[in-house]
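**Q** I would like to see how this sequence folds:
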Amino acid sequence: MTDQVNANSYLDTDSSNICEVLQILGAKWAFLVLNELLRGPQRFNQLQRNAAVIKTQSLTDTLRHLEQNGLVLRQVFPTVPVTVEYSLTEKGSDFQTALKEMNKWVEKWGKPQQVNGKTSISS
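**A** A predicted model of the protein is given here:
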């Protein structure tokens, strides 16, 4: 009986942790923005060019959300015009390990794609 109780409390904790992660990273473009910022600090327009699939307002909303959750740092430089640069915090950089593991999973289990008439797994 105690094994069942321990297993249930573990699952409750595990589910709770997953829900917390999804609240922070569940924004539509969060993973893409974090992945782009792993390359280094970027200004808004540079980030928008690199993540071209994201519309301006969505990028703004995603950056704000990630900043509020402590993954992204927004620095304003007093230049004319004002320069704003986005970078990852230590918390955001630490997410790189999870992104690498997700990439491994996609390489192994991702949908096969047709390339030059041959089926291959995208990497």
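**Q** show me where pLDDT drops low in the protein?
**A** Filtered on pLDDT under 70, the chain yields the residue ranges 1-13, 113-123.
**Q** Contacts only, for the nearest residue to residue 42 once chain neighbours are set aside.
**A** Ranked by C-beta to C-beta, 6 or more residues apart in numbering and with sequence neighbours excluded, the top spatial neighbour of residue 42 is residue 86, at 5.9 Å. Every residue, glycine included, has its C-beta placed from N, CA and C. Residues in contact with residue 86 (C-beta atoms under 8 Å, 6 or more residues apart in numbering) are 37, 41, 42, 43, 44, 47, 63, 72, 73, 74, 75.
**Q** Just among the residues you listed, which is most surrounded?
**A** When neighbours are taken as other C-beta atoms under 10 Å, the top entry among those is residue 37 (25 neighbours).
**Q** Isn't that residue up against residue 88?
**A** Yes: contact criterion C-beta atoms under 8 Å: residue 37 and residue 88 qualify, at 4.9 Å.
**Q** list the residues that contact both of those two?
**A** Common contacts of residue 37 and residue 88, defined by C-beta under 8 Å, 6+ apart, comprise residue 72.
**Q** Do you have the helices of this protein handy? List them.
**A** Applying DSSP state H to the chain gives helices spanning 2-25, 30-37, 44-50, 56-68, 90-93, 96-109.
**Q** Residue 82 is nearest to which of those helices?
**A** Nearest to residue 82 among those is helix 44-50; the distance by C-beta to C-beta comes to 11.0 Å.
**Q** The closest one: which residues count as buried?
**A** By neighbour count with 16 or more other C-beta atoms under 10 Å, helix 44-50 contains the buried residues 44, 47, 48.
**Q** can you check stretch 100-115 too?
**A** In stretch 100-115, counting by 16+ other C-beta under 10 Å, buried: nothing.
**Q** thinking again about what came up before, and the helices of the chain, which is most packed in?
**A** Neighbour counts (mean count of other C-beta atoms under 10 Å) averaged over each of those peak at helix 30-37, with a mean of 20.
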